[in-house]
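> please find the sequence and the predicted model below.
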Amino acid sequence: MNVITNNKWIGQRTIRPDGADKVTGRAAFAADTTMPGMIWGKVKRSPHPHARIKSIDTSKAEALPGVKAVVSARDIVDFPVDKSVMLGIQDMRWMCRNVMAREKVLFPGHPVAAVAATSEAIAAKACELIEVDYEVLPWTIEIEDAIKPDAPILHDFMKFEGKPSNIAGRLEVKKGDIEQGFKQADIVIERSFTTRPVHQGYIEPHACLISVAPDNKTTIWSSSQGQFMVRAMTAYLTGIPQSDIRAIPAEIGGGFGGKTIVYLEPLATLLAKKSGRPVKMVMTREEVMRATGPTSGSKSTVKIGATKDGRIVAAQGTFYLQAGALPGSPIRGAVGCSFSPYDIPNVLSVGFDVLSNRSKVAAYRAPGAPIGAYAVECVLDELAEALKMDPLELRLKNAAKQGTKAAFGPVFPRIGYVETLEAAKAHPHYAAPLGKLQGRGVASGFWFNAGGESSAQVNITEDGNVVVTTGHPDIGGSRAAIANICAELLGIDYRRVSVLIGDTATVGFSNLTGGSRVLFASAMVVTQSADKVIATLRERAAKIWEIDPEAVKWENGAAHPASPNAGQFEPLTLAELAAKAPQMGGPIGAGVQLNTEGAEGGFGTHICDVEVDPELGIVRVIRYTAVQDVGRAIHPGYVEGQMQGGVAQGIGWALNEEYIYNRDGKVDNPGFLDYRMPVCSDLPMLDTVMVEVPNPKHPQGVKGVGEVPLVPVMAAVANAIHNALGKRFYSLPMSPPRVLEVLDGEG
Amino acid sequence: MAKLHVSTTINGEPAEFLCEPGDTMLDALRGPLGLTGSKEGCASGDCGACSITLDNRLVCSCLMLAAEAEGQDIRTIEGMAQGEKLHPLQQKFLEMAALQCGICTSGMLVASEALLQKNPRPSEEEVRFWLAGNLCRCTGYDKIVRAVLETAADMREAAQ
C-alpha cells in the first residue's frame, strides 16, 4: 500500500490540464471537427410508437442529386433474438435493434434508415423521400398498462412466467426471513411511489465523424463515455474487425451515463463505407430527447417495519422500472442500493424490467439507485415522524457500518456512512431556523461504485517532464486528479505532468467512464506505472553512482543516496536522468494494464430546505447541504463539483423534469424549453461537506464520488416539502400543478 | 440558389463569408468561419451555449441569421483572451473549477463578460438571473456564480 500523508499535490485545487483549451473555445468536442471531402448523415425516424415494417423503398432518396449512400437494417449485423451476446451491460440483440429498427419500429424516433448526402439539407430531404410502409400496431406507454394481461406485447418471443409479456426480467435480493421480520415490528409503514422518466440532459448532442478507407481501415471521431465501447459496438454492428477501427475520443460535453452506448457511430460507419466519403452526423436536441436514453420511470412499493425504539427489523421493496422498448432497465441499482445504508436483518427487494413503446433507457448517474432511494428514504421519514424520532437519529440507529452484511451480498469493510450522518447532524444548517412555508428534509443514499479494466502509460520526456496517457474520457475533471497523483508520486510540480486520453490505438483497453470507476481505476494503473518509472530512475542513478539500486531513494523529483552509508552523491534530478537516458539504458516509461478490484461503495446524506408558494405551487430549494464519504478528495474542487452537479440534477428530477407523452404515444416536450432542467436562477448555492474515510484497498484511498450525490436528492426535497406543508407527495415531479393538486385536494 | 456574401467584424478583425439565406450566425461561425468555440446545444435559444455579442448585446447566435451580421461587430469566445493573456473571468473559472465538461463554458464566459460590462457590481441574484439563459448540467452553477462574483470584485479592485 502506498497511502500518502503530508501531500504536496494530492488535495490541491490545481488548474486542470484541459482547462485553457476549454475556457478559450479551443477544446474539440464531437461536432467540432471536419475532414476533407466530408458529407453529412441524417437518420430517418419512425413517426409511430409501434408498427411492423412491411417495406422500405429508398429508390427516390437514392435518386436525389447529392445523395451518396442510404442504409437500413439489412446493412446492420443481425443478432438473432434467441442468443444473448453481451458487451459490458448491453446485449447486442437489443443494441442492433435500437440503432436501427429491424422487424418493427418500437417508439417514435426509432431509426428506420439513414442517408448520407453532400449537405445537411439534401440529407434531410432524402429522408423525407424514403417511403416506409407500416402496419400500425397497438402500443403501450405506462407501466400499469404495459403489465396488464391484455396489453399490446412488444416482443412475442419475450415470456414471463411462461406467457408472452412485457416483463423482460426480474431481479431479487434477499436477506433473513421477511415474514418473521415484520412479525417483530411494532410499527409498519407501506407506501407506493411513482417517478417519471428523466433525461441525462447533457448539453452536447450525440455526434460523430467517421472515415472508412477501401481496405476497411476506419477512423471514428466521436464523443462518448468510452472509445473502446465505441470501437467494440461499431465492430459488432458493422462486421468490421476491431483491429481495423481506431476510435478517437473527442472532448465529451456531458454524459452522466447517457453516452455509454452508441446510436450514430455504426450508421455513420456504414454510410462512410458505402459512399467512400467521411460522414459526419450530429443529432438535433429533439432527436436526443426522442431517441436517446432517458432513465426509467418507475412504480414502487416500499414497506418498512420497526420496533418502537426505532430499530428497523424488516424492509421490503418492489420496483417496476421502465426499460423502454428493449430490455435493460437499471433494476440492479434500485434493488441493490435502496436498503444498503441500513443494517436490517430481514430484507426482500424485487425489481421488474418493464417494456413499453418508449425509447430504450440508458444509464443515468447511479442507475436505478435514486429511484429506489426516493421511495425508501420517504418511508423512513414517515417512520421517524411516527416514532417521534429525529430522522437522522433513526438513520444513525440503523446505519450500516464495518461488518454489516448488505442484502445484495457483500459484507461492508470500513465505510463512512455514520460519519456522514454525524457531520450532517452537527452542521449549522441542520439547526438553522426556518421561516413560514419553509421546511427541511434529510435523506441518505448509496451507490456500489466500480473497478474493472484500465490501462495507463507514464512516459518521461527527453527534457525530464511527464506524459501520462489513460484510456478514459474525462467527464468531470479526472485528468486534473491524475496530474495531482502523478506529480505527488514523482515529486515534481503538477504543471510538469501532461495528462492525455489515448485513442484505441495508443493506449491499452480501458472500460467505460461510468459507475464512478474512472479515478479509482486509473489512479491504480497510473500509480503502478509511476512506481515502475521510479524504479527505473533509481536503477539509472545507481548505475551512474556505481552503487546498489536499493541504496537509492526517490524524493522531491530526484534520486538521492538512501543513507550516508550509500555514499556521498549530489542528487540526480528527473531532468538530469532523462537527459542521460540514451546512454544509460534507453527511454524511460512504463505502462500497466489491470482489472482493478477493491472499489468500495459510497454513502451520502443530504439536508434540503425548501420554501413553497401555496398560491402558485412553486417549490424553491433555498438551502442545500450535501455530505458525502468521498474516500480521499484528490482534487477537492472537482469532488465538490460532482456533488453539486448531482444535487442540481436531483432537484430537477424532484421538481420539474419529466417526459410528457401525448395521446398519440409521442413525447410532447422534446426540447429544453418544455423539458425544464434547473437554470441558474432556480438554485441556491449548494454546500458540500467532504468526509474522508480512505478506501483501504486503494493506493490513494480513492472511492468513486460521481454517482452518490444524485441518490438522496428527490427524497430530501420531498421530505422538506412535507416538513413545510404537512403533506406527503408520492409521485415525482413535485411540479407546480401537482403541488396545487395536493394542496387543493386535501384542502 | 446563390449564396449571400456578408462583410462583418469578428473579434475586432474584418471578416467575410458566404452563407445560405437560412443559415444562422452559429452555422456561419462554426462552418465557413471555423470558429467552433460557440456550441450548438439546442438550436432554439434555450441553452445559451452559442452565446456571442452583437454590437455589445448578448445574443444566442443560433437565433440570429448569418446575413444579419453584415456591417455589425461580433464577438465570440475566441476573442476573449488577449493573445496569451486570459481574461480574468477565464482565469477565475480555471482556478475555481467552474467548469466540468466544458461544453457550456464558452457561452457562460461570453454571457458573464457581457454582464460585467453592464454591471461591474452584480449581486448574486443578478448573476443568477443574467445567467439563467445558459444551461449547465455539470456544476449546479455554484462555482460559476462564485467565479463571476469574485472576478467582478477583482476587476473593481484592479480598476481603482
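Thanks, I have it. What you see is a predicted model, and the numbers here were worked out from it, not measured in a lab.

> what comes into contact with the one helix or strand residue A:181 maps to?
Assigning secondary structure by DSSP states H and E places residue A:181 in helix A:178-183. With contact meaning CB atoms under 8 Å, 6 or more residues apart in numbering or on different chains, helix A:178-183 is reached by A:188, A:303, A:305, A:313, A:314, A:315, A:316, A:345, A:346, A:347, A:348. C-beta coordinates here come from the backbone N, C-alpha and C atoms, glycine included.

> tell me, what residue is most central in chain A?
Centroid check for chain A by CA atoms, centre = their mean gives residue A:257 as the closest residue, at 3.2 Å.

> secondary structure class for that residue?
Put simply, residue A:257 is coil when judged by DSSP: H, G, I helix; E, B strand; the rest coil.

> what sits against residue A:708?
Counted by CB under 8 Å, 6+ apart, residue A:708 has contacts A:366, A:445, A:446, A:447, A:516, A:602, A:603, A:604, A:628, A:646.

> what about 10 Å?
When contacts are counted by CB atoms under 10 Å, 6 or more residues apart in numbering or on different chains, residue A:708 touches A:337, A:365-366, A:369, A:420, A:444-449, A:516, A:601-606, A:626, A:628-630, A:642-643, A:646.

> what's the answer for residue B:154, then?
B:88, B:89, B:91, B:92.

> which residue does chain B have closest to chain A?
residue B:37 (1.9 Å; CB to the nearest CB).

> scan the chain for its longest helix.
No chain specified, so I'll use chain A. Identified as the longest helix of chain A according to DSSP state H is helix A:518-545.

> nope, chain B please
helix B:142-159.

> with adjacent residues omitted, what lies nearest to residue 57?
In the absence of a named chain, chain A is used. Once flanking residues are discounted, residue A:57 sits nearest to residue A:131: 4.2 Å by CB to CB, 6 or more residues apart in numbering or on different chains.

> switch to chain B, please.
Residue B:57's closest residue in space is residue B:114 (CB to CB, 6+ apart), at 7.9 Å.

> count the residues that sit near the one you found.
Number of residues near residue B:114 (other CB atoms under 10 Å in any protein chain shown) recorded here: 19.

> contacting residues around it?
Taking CB under 10 Å, 6+ apart as the test, what residue B:114 contacts is B:51, B:52, B:53, B:56, B:57, B:58, B:59, B:75, B:130.

> confidence score at the first one?
The predicted structure scores residue B:51 at 98 on the pLDDT scale.

> number of residues surrounding the closest residue to it other than its chain neighbours?
Nearest non-adjacent residue to residue B:51, counting by CB to CB, 6+ apart: residue B:107, 3.9 Å away. Using other CB under 10 Å, residue B:107 has 30 other residues around it.

> so residue A:543 makes contact with residue A:585?
Yes. With contact defined as CB atoms under 10 Å, residue A:543 and residue A:585 form a contacting pair (7.4 Å).

> comparing those two, which residue is more hemmed in?
For residue A:543 versus residue A:585, the count of surrounding residues by other CB under 10 Å is larger for residue A:543: 15 against 12.

> give me the nearest residue to the more buried one, chain neighbours excluded.
Closest residue in space to residue A:543, ignoring its immediate chain neighbours: residue A:584 at 6.0 Å, by CB to CB, 6+ apart.

> just the element for that neighbour, please.
Using DSSP H and E, no helix or strand contains residue A:584.

> ok, residue A:303 - contacts?
With contacts defined as CB under 10 Å, 6+ apart, residue A:303 is in contact with A:178, A:182, A:185, A:188-192, A:314-318, A:348, A:379.

> pretty sure it belongs to a helix, no?
No. The assignment for residue A:303, made by three-state DSSP, is strand rather than a helix.

> mind checking how far it is from chain B?
The spacing between residue A:303 and chain B, counted by CB to the nearest CB, to the nearest Å, is 34 Å.

> with residue A:321 instead?
Counting by CB to the nearest CB, the gap from residue A:321 to chain B is 22 Å.

> residue A:49 too?
24 Å.

> test my guess that that residue contacts residue A:290.
No. Look at residue A:49 against residue A:290 with CB under 10 Å: they stay out of range, at 11.1 Å.

> between the two, which one's more packed in?
Per other CB under 10 Å, whichever of residue A:49 and residue A:290 has more neighbours is residue A:49, with 26 against 21.
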